[in-house]
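J.: Please find the sequence and the predicted model below.
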2 protein chains.
Amino acid sequence: MERTVPVDLGRRSYQVRVGAGLLAELGPAVAAAAGDATSAVVVTDSTVADLYARPAAESMEAVGPVAVIDFPAGEANKTLATASQVLDKLFAVRPAIDRSTVIVTVGGGVVGDLGGFVAAVALRGVRFFQCPTTLLADVDASVGGKTGVDHPAGKNLIGAFHQPVGVLIDVATLRTLPAAELSSGLAECVKHAVIRDASLLDFLEDHAADVLACRQELMAELVARNVEIKSAVVSADEREAGERAHLNFGHTIGHAVEAFAGYGGLGHGQAVALGMVAACRIAVSRGLLEQESAERVEGLLARLHLPVRRPALDAEAIWQIMLHDKKTRGGQVRMVLPVMLGAAAMFDDVTPQSVRDALEYLSG
Amino acid sequence: MERTVPVDLGRRSYQVRVGAGLLAELGPAVAAAAGDATSAVVVTDSTVADLYARPAAESMEAVGPVAVIDFPAGEANKTLATASQVLDKLFAVRPAIDRSTVIVTVGGGVVGDLGGFVAAVALRGVRFFQCPTTLLADVDASVGGKTGVDHPAGKNLIGAFHQPVGVLIDVATLRTLPAAELSSGLAECVKHAVIRDASLLDFLEDHAADVLACRQELMAELVARNVEIKSAVVSADEREAGERAHLNFGHTIGHAVEAFAGYGGLGHGQAVALGMVAACRIAVSRGLLEQESAERVEGLLARLHLPVRRPALDAEAIWQIMLHDKKTRGGQVRMVLPVMLGAAAMFDDVTPQSVRDALEYLSG
């Protein structure tokens, strides 16, 4: 079964196709999304190149001449220096790229972000098509048009908004994903459920074991439902002025916990899981959320092999990190909190004490 | 006398202010164009920094904290590596930049292109304000939103469309401009006149000596008229699908002549002047343009100290360069030709023989 989710962005609208075994159809999908494309360049990383570059490139004969460019895998390589090397290779491709070339990113979040950025700036913008291969990239990075690279001063500091012309998600690629990375993507699914769709919470509870086993039909449904949620939020608010900020649920404290652990010390999804637990705790303490709802979220995260406590946390150190975050102004924290399961709102008056209490809870 | 030219681009519209002695008003102009700006970063090059960075930065107190970043002057430094260094400095500015920071470029085309590109990609896009200080940048780069850097494989291959929030042109800065650079800018003025406005040709003929002497009131009028022409063309065709291509008049052969001379061997405006002479020659040979109109263009270029002949040209070598240009398809050349003084059209059936004849004419 295949699902198609429209992302409605006016002139820049596109479709996300989700199914099992779609990789062989990548080329035809690119040709359909970019009708006048005359050549394609697949951008991928060293890990994914070994697994999927060949079938991806072979399917591309539907478009025209194809070249494959890979770069060393890993978040540490998501830099402007790597983007520069990819651009060097891109301009060395023969026949030379022009405005009818399509860049096709095949890989996880780093590949999509970096490859999308390269597409945004090559020839002042060529089209790109995304084929994400991790659950996190499927449900998060494939919708939104955020491209970019990290800088020593912070993550994603260099980038551009550049929407893909289409996205194809083959959930079969998730079977090669390490378990921790699968859980990391599931944290974002729980996030979507808590802020927008309580029935998705039911779905995850009902199928936790099968999801962890990566059952294809279930994964296709899970991914499609999450893409629908993110698409609805992004369509309503493309440049992140309002509602899109709800996607930061779990990320305010999560980012600080991730920074405290040192990048790499704790996966992104794992940090977001802890951030969601903390945010739910704050919501309960303010009387926004029932205690049993918070416990339900915690229970689901645990079943999905995500952390809900972190004894080694230093609440004071994390608070100091949050104070230096640009979202913190005047000593109060701006945070997304659930107001019930399936709905959230932004609060800009979260007190230091309630954050400290939540951090103590995490480490307790 | 000050002039204000609106650039009409819907939500991204902005104004170009032109006058003598406006540099001291740069800060207030930035504050007016970006009302909620809380800090400014001036990006400039080593040459302009010595001349104008101090007054520019001092005026910026109208906005808030200001930092100045400069990079080594020269087209050879218009690279992604330089942009990367500017980004490093940008992220080290204290207080740290955020989305309410405005980048203010003060300098010639390289500064505007590179600084604008940095603004386009920093934090996925911060606002920028342009203060061009060369005639070429005044009449060409200040309108259009093209930002970017060169790559060994070609000029401007890496970049973004990023419109400034405003432009301030102080024609007093033209008095420090070397004569050849002034003439280079005048070549673009002649181009605008030939493709869009025969009365501007009269103006240039009537005031050639005063323009070369950089008389302030005249320069303000000249710049404003040229900004109006470019603004009208760009507003009609922001993404260069059709009419905007007319701005390439003189550039097809001009670029090849420039490449033949080796970058730096012939200024951009000088090469464009030769390209315009050649294009007029082709137009005459096709019966599109009166011989005396072509002579009038040549005569004006010469009076503006621009080359109209280049004995050292190797017609065959230049033709080979053009064959490798991506605008050349199937052995025929796509070129903008004047159809009368003040109007132009695109022709995609220019024959190799007519190009060779025109090149022979240039070298004769």
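T.: Right, received. Where do you want to start? Residues are numbered from 1 along each chain as shown, chains lettered A, B, ... in the order given.

J.: quick one: contacts for the residue nearest the centre of chain A?
T.: Central residue of chain A (CA atoms, centre = their mean): A:Asp140, 2.8 Å from the mean position. Applying CB atoms under 8 Å, 6 or more residues apart in numbering or on different chains, we find A:Asp140 in contact with A:109, A:185, A:188, A:230. C-beta here means a position set from N, CA and C on the backbone, and glycine is covered the same way.

J.: any idea how far the third one is from chain B?
T.: Using CB to the nearest CB, to the nearest Å, one gets 20 Å for the distance from A:Glu188 to chain B.

J.: right, and the helix or strand after the helix or strand harbouring that residue?
T.: A:Glu188 belongs to helix A:179-196 when assigned by DSSP states H and E. Next along the chain after helix A:179-196, taking DSSP H and E as the criterion, comes helix A:198-212.

J.: can I get the CA coordinates of that next one in CSV?
T.: The C-alpha coordinates for helix A:198-212 follow below in CSV (Å, rounded to 0.1, in the frame of the first residue of the first chain):
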residue,chain,number,x,y,z
ALA,A,198,-4.3,12.1,20.4
SER,A,199,-5.4,9.3,18.1
LEU,A,200,-1.8,8.9,16.9
LEU,A,201,-0.9,8.3,20.6
ASP,A,202,-3.4,5.5,20.6
PHE,A,203,-1.9,4.1,17.4
LEU,A,204,1.6,4.1,18.9
GLU,A,205,0.4,2.5,22.1
ASP,A,206,-1.5,-0.2,20.2
HIS,A,207,1.4,-1.0,17.9
ALA,A,208,4.6,-0.2,19.9
ALA,A,209,6.1,-3.7,19.5
ASP,A,210,5.3,-3.9,15.8
VAL,A,211,6.7,-0.4,15.2
LEU,A,212,9.9,-1.3,17.0
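
J.: now it: mean pLDDT?
T.: In this model, helix A:198-212 carries a mean pLDDT of 98.

J.: Just give the closest residue to A:Ala187, not the sequence neighbours.
T.: In this structure, A:Ala187 finds its nearest non-sequential neighbour in A:Gly269, 3.5 Å apart by CB to CB, 6 or more residues apart in numbering or on different chains.

J.: and if you look at A:Met276?
T.: A:Met276 sits nearest to A:Gly250 (CB to CB, 6+ apart), 3.6 Å away.

J.: Which helix or strand in chain A has the lowest average pLDDT?
T.: Least confident helix or strand of chain A, by mean pLDDT, DSSP states H and E, is strand A:328-329 with a mean of 55.

J.: Now for the residue lying closest to A:Glu205 once chain neighbours are set aside: which residues touch it?
T.: The shortest distance from A:Glu205 to any residue other than its chain neighbours is 5.7 Å, reached at A:Leu300 (CB to CB, 6+ apart). Residues near A:Leu300 by CB under 8 Å, 6+ apart: A:190, A:201, A:204-205, A:208.

J.: For the residue of the stretch 101-250 of chain A found nearest chain B, list the residues it contacts.
T.: Residue nearest to chain B within the stretch 101-250 of chain A: A:Ala153 (3.8 Å; CB to the nearest CB). Neighbouring residues of A:Ala153 by CB under 8 Å, 6+ apart: B:91-92, B:96.

J.: Checking A:Arg17 next. Helix, strand or coil?
T.: strand (DSSP: H, G, I helix; E, B strand; the rest coil).

J.: if we can go back for a sec, OK, contacts around the residue nearest to A:Met276?
T.: Residues in contact with A:Gly250 (CB under 8 Å, 6+ apart) are A:187, A:191, A:272-273, A:275-276, A:279, A:336.

J.: right, and out of the residues you listed, which lies closest to chain B?
T.: A:Val336 (18.6 Å).

J.: shouldn't that closest one be in contact with A:His246?
T.: Yes: contact criterion CB atoms under 8 Å: A:Val336 and A:His246 qualify, at 5.3 Å.

J.: neighbour-wise, which of these two wins?
T.: For A:Val336 versus A:His246, neighbours defined as other CB atoms under 10 Å in any protein chain shown are more numerous around A:Val336 (24 against 21).

J.: would you say the residue nearest to the centre of chain A is within a helix?
T.: Yes: counting by three-state DSSP, A:Asp140 is part of a helix.

J.: how close does A:Val93 get to A:Val42?
T.: Distance, A:Val93 to A:Val42, by CB to CB, to the nearest Å: 11 Å.

J.: ugh, wrong one, I meant A:Leu306
T.: The gap separating A:Leu306 from A:Val42 is 32 Å, by CB to CB.

J.: just A:Gln85 next, same as before
T.: According to CB to CB, A:Gln85 and A:Val42 sit 16 Å apart.

J.: do the same with A:Asn248
T.: Separation of A:Asn248 from A:Val42 (CB to CB): 32 Å.

J.: So these two - more neighbours on which side?
T.: A:Val42 (31 against 22).

J.: what about the helix or strand in which the more buried one is found, near chain B?
T.: Element membership for A:Val42, per DSSP H and E: strand A:39-45. No: figure legend: strand A:39-45 not in contact with chain B (CB under 8 Å from any CB of the partner chain); closest approach 12.8 Å.

J.: How about residues contacting whichever helix or strand comes after that strand?
T.: Using DSSP H and E, the helix or strand that follows strand A:39-45 in sequence is helix A:46-48. For helix A:46-48, contacts defined as CB under 8 Å, 6+ apart pick out A:70-73, A:106-108, A:111, A:133.

J.: Pull out the buried residues from helix A:46-48.
T.: Neighbour counts over helix A:46-48 (16 or more other CB atoms under 10 Å in any protein chain shown) mark A:47-48 as buried.

J.: picking that back up, is there a quick PyMOL command that grabs whichever of the contacts of A:Leu300 are buried?
T.: Filtering the contacts of A:Leu300 down to the buried ones (16+ other CB under 10 Å) takes a single PyMOL command:
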select buried, chain A and resi 190+201+204+208
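
J.: Mind putting the contacts of A:Leu300 into TSV with distance to A:Gly262?
T.: Formatted as TSV, the contacts of A:Leu300 follow (distance: CB to CB, whole Å):
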residue	distance to A:Gly262
A:Val190	24
A:Leu201	31
A:Leu204	29
A:Glu205	33
A:Ala208	30
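
J.: Just to check, A:Gly109 is in contact with A:Leu136?
T.: Yes: contact criterion CB under 8 Å: A:Gly109 and A:Leu136 qualify, at 5.7 Å.

J.: So between the two, which is more surrounded?
T.: Between A:Gly109 and A:Leu136, counted using other CB under 10 Å, A:Leu136 has the larger neighbour count: 25 against 21.

J.: Distance-wise, check the more buried one relative to B:Leu218.
T.: Taken as CB to CB, the span from A:Leu136 to B:Leu218 is 61 Å.

J.: ditto for A:Ser142
T.: According to CB to CB, A:Ser142 stands 56 Å off from B:Leu218.

J.: Now the terminal residues of stretch A:32-48, how far apart.
T.: Its start and end residues considered, stretch A:32-48 measures 24 Å (CA to CA, to the nearest Å).

J.: And stretch A:25-38, by the same measure?
T.: One end of stretch A:25-38 sits 17 Å from the other (CA to CA).

J.: Buried residues of stretch A:259-277, list them for me.
T.: Judged by neighbour count using 16+ other CB under 10 Å, the buried positions of stretch A:259-277 are A:259-261, A:266-277.

J.: again with stretch A:171-185
T.: The neighbour-count check on stretch A:171-185 (16+ other CB under 10 Å) flags A:171-174, A:177, A:181-185 as buried.

J.: can you check stretch A:148-156 too?
T.: For stretch A:148-156, the neighbour count (16+ other CB under 10 Å) marks A:148-151, A:155-156 as buried.
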